[in-house]
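what's the 3D shape of this:
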Amino acid sequence: MASTSKVDPPGEDGVEEEELERFDDFTIASSWERFISEIEAVCRQWIADGPKNLLEKGAMQLESSQNLYRVKFELKYALKTYCMEYFFETDSAVKIPEWTSPVHDLQLCFGVKEFLVIAPQSASGVVLDAPEASKLLSAVAIALTNCCSLLAAFVPVHDPSRKAFIGIQNMGTIFTRRFEADRIGSQVPVKLMHLEGLYELFVSKFAYSSLDLVSYHFKVHLRMKSTYRTFSHDDDEDDDYASAQGLNPQDIDGMGSPRVDSHSRAQWDDDCPWSEWYSAEDPIKGVELIATWPERMVENSPEMEELENTSPHEAEKWVMLPVISPNLDSSGGNRIGFASQLLLLIHALDISFNAQFVEDFVSAENIAPNKLTSSMVVPPPTVLDRVLKDLFQGSQVQGFAKEEYKYSRGIKGAPVGSLFSQFSLHSLWVGNCNIRAIAVLWVEFTREVRWCWEESQPLPKVQVNGSIDLATCLVNQKLQMLAICIERKCELNEDFQDCLGSNDQPHAQKKVAEDGPLRNDTASTKVSSSESDRIHDSSPTAHGSSQKYEKIASSSIMKQHLKSSDNLRRGSAGVVGSMKLLKTYQSMHAPYTQDPPLMTEDMHEERLQAVEAFGDSFNFSAQLERDVLASDMSAFKAANPDAVFEDFIRWHSPGDWINDETEDKAAASVGSSSLKEDWPPRGQLSKRMSEQGNLWRKIWNDAPALPAYEQKPLLDPNREGEKILHYLETLQPHQLLEQMVCTAFKAAADTLNMTNHGGLKQMTTKMEQLYNTMSSTLKPLQTNRLSKGSDTIEDLKRLSTVFEHVEKLLTLAASLHRKFSNAPRLSESIFADYYEFYLPKMGTGAGSGDVKHQEFDKKQQVKMKEREVVSNLFKPPTANQKWRKVISMGNLLNGHEPTMREIVFTTHEAITPAATSRLELGMETYRMYIAGTSNDLRVALSVTSCD
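Residues are numbered from 1 along each chain as shown. The predicted structure is shown next:
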């Protein structure tokens, strides 16, 4: 201990100031020794805490390894600040994986498990001065020796791009391992591109320089791993394609397609159901294959040359990693597909409440300034013409498959492939799906529909089977009914022309059913050949009920000698079992009747509202059905000239005829000979039918006896057709957009559901869940309960996000199925792993940054029988590809050189230290890790010596 003092010369005032005494502790002689002491204290604390306590104190897990953690501490020495990091594993019994699992770079290079790294806190993070690096490493080594620790210590040196390190490890009291790693980033010597030269590089580290390394034998252990990767489209492939097609390479865009015609080059998804609307980016950009050779003993250079010529198929193990496109799990909204366009359609629906008519959106002047954006452009006439041509080409259909789209039946939209469904899907891509583009397209669409009506041209892509599918949206129902009206209108026109050309023919012509149960005693008349007289029968049954018949034939004439009453009978479809007419005891005949008039959903609702307004009045119900009743009564009278009102009730509404049960039982016990004597049977009309002023009886009295083919049609096609066109042309924008949203979601989902993905269970379940979510979310639109500012808009946006996730997964499933159709286990395993990886992101909306971005890195082991499928993915390279021109490494896979070749050379020797007689058997004395390609080489050497 010492003290110092300082005396200043006396000033003018004569006051002397004496410094305070200061004491220095010289038990630590220098700052370097204090630096070592501080390192030692930190290391002792880390060793004492152990992995469990270090984790509790906030140790960080490394992303590159699942079992490696890190803690750090800042140190100061000579005006510099250093950061010392301790890398440790929680399970000390686990060995260091060499190839299969991701490990830290230093673990892979030097074969260590736990280690320290000390580096300056600077921009480069490396020690550029060699003496400083040696001194820093010595300080750590002394501190670890004082702690009796066997940890390896490393210091980064040289330029950061070289990834160079020096290191040291105390192996005990006798042995020490020294480490050194460096990298050549360019101009790799040709000799070091081949296994023979790398082998000689390793041997030169311990053999005498005078030895002939080629002829001399050394027992060197070798482990090798080669990584291959398929290449996506690059500039050279575009040049090949341009040359094959006779194009200039400048005419090829960045995606490898001609700028003029993007469809001339085949895409991976050309046979996928969505390819009609867009081309999706292949989610699998390539395949990374890791081939691992078994460990072997090498004794000379020729053996290395032989190994370099072996095929990767001879490798012991294949591990594959699919290279997934970063756009697949990104949330930036840059991916184009159904989901992105559906979101734009939802924005258009939100704006649609600002106008009363669709035409108001055609002009930008009618759109609110805050809603008007630069993207609201009107498509050019050529685009509109192309879309309309595609929409109105084709023919009518009889029906759409229901089993294939059974999950979407709960969504009230037009069937996929129908006219309105195609219109809705086209709207997604026209003018970037803005409200103005949709309005212009709808106006042109209604004009084309009116032209079909006025020119009596059939509506294409519309189901025509004589009925209206009320499970679809109202626009589709209207189009169905309009198609039927056009058909009936054409039939009436043909019938009118036939009448003009056959005035000398009898007016009334008898039709005979193709498959109906006609009697032989029907009236003698000619059969009409007009298709406009198609009527549907009521085929007789044992209980007197009737069924509609299919179609009446047009070429049969029946002439027979009949009873006088039968000479007046017309339009009979046959007798009704054993039923007799009450007055004449003649067989009752079922007539051919007209189909009831078709009605769309809004017509049914109007009728239902009228019934509710007037109560359950029987006469009011009859008034609504007056035309149908009158038609059926007229046909019944024509088929049964001697019939009375009670006979019609017994046939048409058996429940309104009450038989006397006593008489029925008596009649059953008496022979058939007495039936006529007991005729007519004792019975009566029901109370509602026998009331005074019953409307049914009044209609009966007024109805003339006319067969169905002579009656006025119940459906007036001209009137109903004009009403439908008026509805389409005056439809409010929000009502149109609501039906378009439902139809577009349904059609898009049904289109994606047709994708062949090999029956992946997760994908099938996800599609079912999507349909259920769509059905519940779209229900407010189906019931017309949507209003401006409704929360349903936000629900629809969330639905589009869910749709996007499912669409991405389905695209991946389709790509996997195409690439691994002959190796279904690989396809299923890869998709299952990616599904688990992607599942946490499915609850986040687009643009959400809550989920940390990670890359999919789950590898799959390739079985021997699957190797051929994987190797076929490596297409032989073309001559123009740049990477093909510089091949200088062996072990080619279909012409592909390894993108990375990793080798570990080791020697194991029995060492007997001079200070002891103990023999160390099999100690790893030299180890060299080599990783590189033809343009890059990294070498890491560790040497064990006896100090």
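
can I assume residue 137 sits in a helix?
Yes. Applying DSSP: H, G, I helix; E, B strand; the rest coil, one finds residue 137 inside a helix.

can you map out the helices along the stretch 1-150 of the chain?
According to DSSP state H, counting those that start in this stretch, the stretch 1-150 of the chain carries its helices in the segments 31-56, 105-110, 130-146.

Tell me which of those helices is the most buried.
helix 105-110 (a mean of 21; mean count of other C-beta atoms under 10 Å). All C-beta atoms are positioned from the backbone trio N, CA, C, and that covers glycine.

CA atoms of it as PDB?
The C-alpha coordinates for helix 105-110 follow below in PDB (Å, rounded to 0.1, in the frame of the first residue of the first chain):
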ATOM      1  CA  ASP A 105     -21.600 -23.300 -37.400                       C
ATOM      2  CA  LEU A 106     -18.700 -23.900 -34.900                       C
ATOM      3  CA  GLN A 107     -20.200 -27.200 -33.700                       C
ATOM      4  CA  LEU A 108     -20.200 -28.400 -37.300                       C
ATOM      5  CA  CYS A 109     -16.700 -27.100 -38.100                       C
ATOM      6  CA  PHE A 110     -14.900 -28.300 -35.100                       C
END
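
Which residues does it contact?
Here helix 105-110 makes contact (C-beta atoms under 8 Å, 6 or more residues apart in numbering) with 68, 87, 96, 98, 112-113, 115, 117, 152, 154, 163, 165, 167, 179, 181, 927, 929, 938, 940, 942.

OK, contacts around residue 901?
Per C-beta under 8 Å, 6+ apart, neighbours of residue 901: 224-227, 889, 891, 930-933.

that older thread, the contacts of helix 105-110, buried ones only, as a PyMOL selection?
Per 16 or more other C-beta atoms under 10 Å, the buried members of the contacts of helix 105-110 correspond to this PyMOL selection:
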select buried, resi 68+87+98+112+113+115+117+152+154+163+165+167+179+181+927+929+938+940+942
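
Quick one: mean pLDDT for stretch 387-400?
Across stretch 387-400, the average pLDDT comes to 79.

Over to stretch 53-67?
Taken as a whole, stretch 53-67 carries a mean pLDDT of 87.

mind giving me JSON lines with the helices of the stretch 1-150 of the chain and columns for distance to residue 323?
JSON lines is the format used below for those (distance: least, C-beta to C-beta, whole Å):
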{"stretch": "helix 31-56", "distance to residue 323": "34"}
{"stretch": "helix 105-110", "distance to residue 323": "21"}
{"stretch": "helix 130-146", "distance to residue 323": "38"}
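
Ok, which of those helices comes nearest residue 429?
Closest to residue 429 of the helices of the stretch 1-150 of the chain, according to C-beta to C-beta: helix 105-110, at 48.0 Å.

Which one, of the helices of the stretch 1-150 of the chain, ends up nearest to residue 636?
Nearest to residue 636, of all these, is helix 31-56, at 91.6 Å by C-beta to C-beta.

relative orientation of the closest one and helix 130-146 in degrees?
60 degrees (axes from the mean of the first three to the mean of the last three C-alpha atoms, to 10 degrees).

what's across from the residue nearest to residue 145 when sequence neighbours are not counted in the sheet?
Counting by C-beta to C-beta, 6 or more residues apart in numbering, residue 170 is the residue found nearest to residue 145 once chain neighbours are left out, at 5.6 Å. The partner list for residue 170 in beta bridges (DSSP bridges) reads residue 176.

What pLDDT does the model give residue 170?
At residue 170, pLDDT is 90.

ok, back up a step: among the contacts of residue 901, show me the least confident.
The model is least sure about residue 889 among the contacts of residue 901, giving it 78.

So it sits against residue 196, correct?
No. Between residue 889 and residue 196 there is no contact under C-beta atoms under 8 Å: 11.9 Å.

Residue 488: neighbouring residues, count only.
The number of residues packed near residue 488 is 21, by other C-beta atoms under 10 Å.

got it, and residue 321?
Around residue 321 there are 18 residues (other C-beta under 10 Å).

Quick check: it vs residue 347, distance?
Distance, residue 321 to residue 347, using C-beta to C-beta, to the nearest Å: 39 Å.
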